[in-house]
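Colleague: Got a predicted structure here, sequence first:
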Amino acid sequence: MTDLVAALDANAGALLDYLERRIGIDDAPDALAEVMTVVWRREVDLPEDATEARMWMFGIAKGVVANVARGKVRRAKLADRLRAVTAVSHEAARDRVMSGSGGAATSAPSVALASAALASSAVPVAAPPADHGLEVRDAIARLDPELAELVRLVHWDGFSLGEVAALEGIPASTVRSRYAHAKRELAVALGVEASGAEAHSS
Amino acid sequence: MTDHETRDLDRRDLDTLLSESAPTTSQDGPVRAAALEAMARDARPSRRNARRPLAIGAGAFALVLAGGMAASAAFDWHVPWANDAAAKYTYTLPSGAECTGIVGNVTGPPDAVAAANAFLGRDDLLKTIDIDAALAFERQGPNTFDRGGAQVDAGPGTVYWTADLEYEHAVSWAVSTALWDTLKAQGYNLDDMSYQGALNCPGADLPAYMGTAGD
């Protein structure tokens, strides 16, 4: 196993989550296929440090997300298997929400999407979306785009402010002040107390 | 916002609200993990040098790309078989520059060579090829450049890539694919076959490393 394979194995799940949160579950597998393809192409640039390698991969993912916004990500055969897995998972989660069940899936996953790999496997499904979060997401989306992405990186993806600074290529002090500013704006917009502004700085 | 949602917001602090607002993702688990592991390995590029996509199957293509030369009827192709080329075709690159390609010097069993020359000699050769499929293949990568023995990225955004070069590769690839597919369909063994091609693309937007002539 090469270092790059190990690095991909260590970060693929987080990369997929990141892409799903940014561009949706349907398109994320193709975007991840593109990320992995670029990562392999640039194998010689892989940082030796695990954290730096992670940030390097997320930097590539960020570029792919920008390409998705420009309509430049194509369906990739490489993504077929993962697409089937996530699509089934998504369908099942949606069915659970529609049926009002919080327990085991009450509807069979889409047969059309079930791959052979899935046929004999119980596919765990995502928790139903808690869409009181919709209002919060809307509030985040109304922020300046840079502030909004900062908040998403911290609260959705679990990055520290130091990691955000590295990913965005801006000074950590700037990230901290922007984050505090974003929190104040969100507290006002949502009518809640701002708290924990320091919790994610590192 | 509904009254119910307002009450929910009141009960939780901002950090919690923000973290809980993350959109749903597919659930992590062994099936997804297995698919991700497979993708990580399948994404590994083959050792094919994507700058030479034409050397597939049983064929060889010696590319002479003359990007900066003026087109003229007396253009010197620098290949000895130019006057006996089996195919000559012209197409337009994304930049608007015109490319003229010639294909010839087909070698192999006489009957297979005759079949190849017959296919290449079609007036509608470019209508028989699938450029879109070739472009899709190109874009799947890997697109690498051999720099001193190291394979480096040669995809979009790098100094080794231009839209014109990508398109030129795609057309050449499509011609190659159509030729070999046709011969295979006719039952010929391609193992001992080869052909050559040359391109003249005056005004094409090509990577700087390619210069204006030759490759």
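Modeller: Yes, it's here. Residues are numbered from 1 along each chain as shown, chains lettered A, B, ... in the order given.
Colleague: where in the chain is pLDDT low?
Modeller: Using chain A. A:1-2, A:70-76, A:88-132, A:194-202 (pLDDT under 70).
Colleague: meant chain B actually
Modeller: The low-confidence ranges in chain B, as defined by pLDDT under 70, are B:1-12, B:45-75, B:146, B:148-150, B:191, B:211-215.
Colleague: who does the longest strand belonging to it pair up with?
Modeller: Counting residues, the longest strand found in chain B (DSSP state E) is strand B:98-107. In the sheet containing strand B:98-107, its partner strands are strand B:87-92 (antiparallel), strand B:194-200 (antiparallel), by DSSP bridges.
Colleague: Is it possible to get TSV of those strands that adds mean neighbour count?
Modeller: (C-beta placed from N, C-alpha, C; glycine too.) Written out in TSV, the entries for those read as follows (neighbours: other CB atoms under 10 Å in any protein chain shown):
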stretch	mean neighbour count
strand B:87-92	15
strand B:194-200	22
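Colleague: The ones you listed: which one's closest to A:Met57?
Modeller: For the strands paired with strand B:98-107, distance to A:Met57 was read as CB to CB. The smallest value, 37.4 Å, belongs to strand B:194-200.
Colleague: Now the closest one - C-alpha only, CSV.
Modeller: Coordinates of the C-alpha atoms in strand B:194-200 are reproduced here as CSV (Å, rounded to 0.1, in the frame of the first residue of the first chain):
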residue,chain,number,x,y,z
SER,B,194,0.8,0.1,-37.4
TYR,B,195,0.2,3.4,-39.1
GLN,B,196,1.5,6.9,-38.7
GLY,B,197,-0.1,10.3,-38.7
ALA,B,198,1.0,13.9,-38.8
LEU,B,199,-0.8,17.2,-38.0
ASN,B,200,-0.4,20.7,-39.1
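Colleague: Can you spell out the domain ranges of chain A, please?
Modeller: According to automatic domain parsing, chain A comprises the domains A:3-69, A:77-119, A:133-190.
Colleague: can I get those domains in a markdown table with distance to B:Glu37 and mean neighbour count?
Modeller: A markdown table is the format used below for the domains of chain A (distance: least, CB to CB, whole Å; neighbours: other CB atoms under 10 Å in any protein chain shown):
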| stretch | distance to B:Glu37 | mean neighbour count |
| --- | --- | --- |
| domain A:3-69 | 6 | 20 |
| domain A:77-119 | 10 | 17 |
| domain A:133-190 | 21 | 18 |
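Colleague: after the helix or strand containing A:Pro29, next one along is what?
Modeller: Element membership for A:Pro29, per DSSP states H and E: helix A:28-41. Next in sequence after helix A:28-41, counting helices and strands by DSSP H and E, comes helix A:50-69.
Colleague: got the contact list for that following helix?
Modeller: Judged by CB atoms under 8 Å, 6 or more residues apart in numbering or on different chains, the contacts made with helix A:50-69 from elsewhere in the structure are A:7-8, A:10-11, A:14-15, A:18-19, A:22-23, A:27, A:31-32, A:34-35, A:38-39, A:42, A:45-47, A:73, A:163, A:166-167.
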